[in-house]
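> build me a model from this:
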Amino acid sequence: MKLLVVFGLLVAGLSGCSSTTELAGTQIRIRNASNVAYEDVIVGDKSYGDIAPDAVSDYQNWEQACRYAYVSLTAEGKPMKIQPIDFVGETPLGSGRFTYVLTVEGDRLGIRVE
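Below is the predicted model:
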């Protein structure tokens with residue numbers, strides 16, 4: 001029984017918000033809301049390249065996205081990362097165009113959606 005519960009939680013976690021679950025019509029771009037350049041920006045499983053301060057990337061198609069996502073980038077030579085544990089309980093953003101706004105304050109990387 002415990003194994004069944006663990007398996008159910010694993011499936012629920014994997015079927016949460018990511019860029020691999022089907023939902024047509026979600027587009028995400030990235031905005032650099034800081035005064036430093038971001039290099040090698042990866043959000044979810046998408047590569048957004050380099051993004052200058054106060055600039056936005058092009059939109060990319062996602063099958064599904066939530067209010068936050070995995071983020072990896074380099075700012076001022078420092079690798080930075082946001083690593084979500086799971087997306088259980090999160091509601092997908094749905095169809096439309098959204099912007100993940102990334103901020104760097106000191107050693108802290110932040111994300112919000114607009």
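> now the helices for the chain?
Here the chain has its helices, by DSSP state H, at 2-14.
> skipping its backbone neighbours, what lies nearest the residue most central in space within it in space?
Closest residue to the average C-alpha location of the chain: A69 at 2.6 Å, with C-alpha atoms, centre = their mean. Excluding its sequence neighbours, the residue lying closest to A69 (C-beta to C-beta, 6 or more residues apart in numbering) is G44, at 4.7 Å. C-beta here means a position set from N, CA and C on the backbone, and glycine is covered the same way.
> same question, G49
Here the residue nearest G49, using C-beta to C-beta, 6+ apart, is V41, at 6.4 Å.
> you'd agree the one you found is up against I51?
Yes: under the criterion of C-beta atoms under 8 Å, V41 makes contact with I51 at 5.6 Å.
> what residues does stretch 37-51 touch?
With contact meaning C-beta atoms under 8 Å, 6 or more residues apart in numbering, stretch 37-51 is reached by 18-20, 28-32, 52-53, 57, 60, 62, 65, 69-75, 100, 102, 104.
> repeat that for 6 Å
If you take C-beta atoms under 6 Å, 6 or more residues apart in numbering as the criterion, stretch 37-51 is touched by 19, 30, 32, 52, 57, 60, 69-75, 100.
> pull out the buried residues from those.
Among the contacts of stretch 37-51, those buried by neighbour count (16 or more other C-beta atoms under 10 Å) are 19, 30, 32, 57, 60, 69-71, 73, 75, 100.
> between those residues, which is closest to P84?
Taking C-beta to C-beta as the measure, Y70 is the one of the buried ones among the contacts of stretch 37-51 closest to P84, at 6.0 Å.
> how close does the closest one get to Q60?
Distance from Y70 to Q60, counting by C-beta to C-beta, to the nearest Å: 14 Å.
> got it, and T74?
From T74 to Q60 the distance is 19 Å (C-beta to C-beta).
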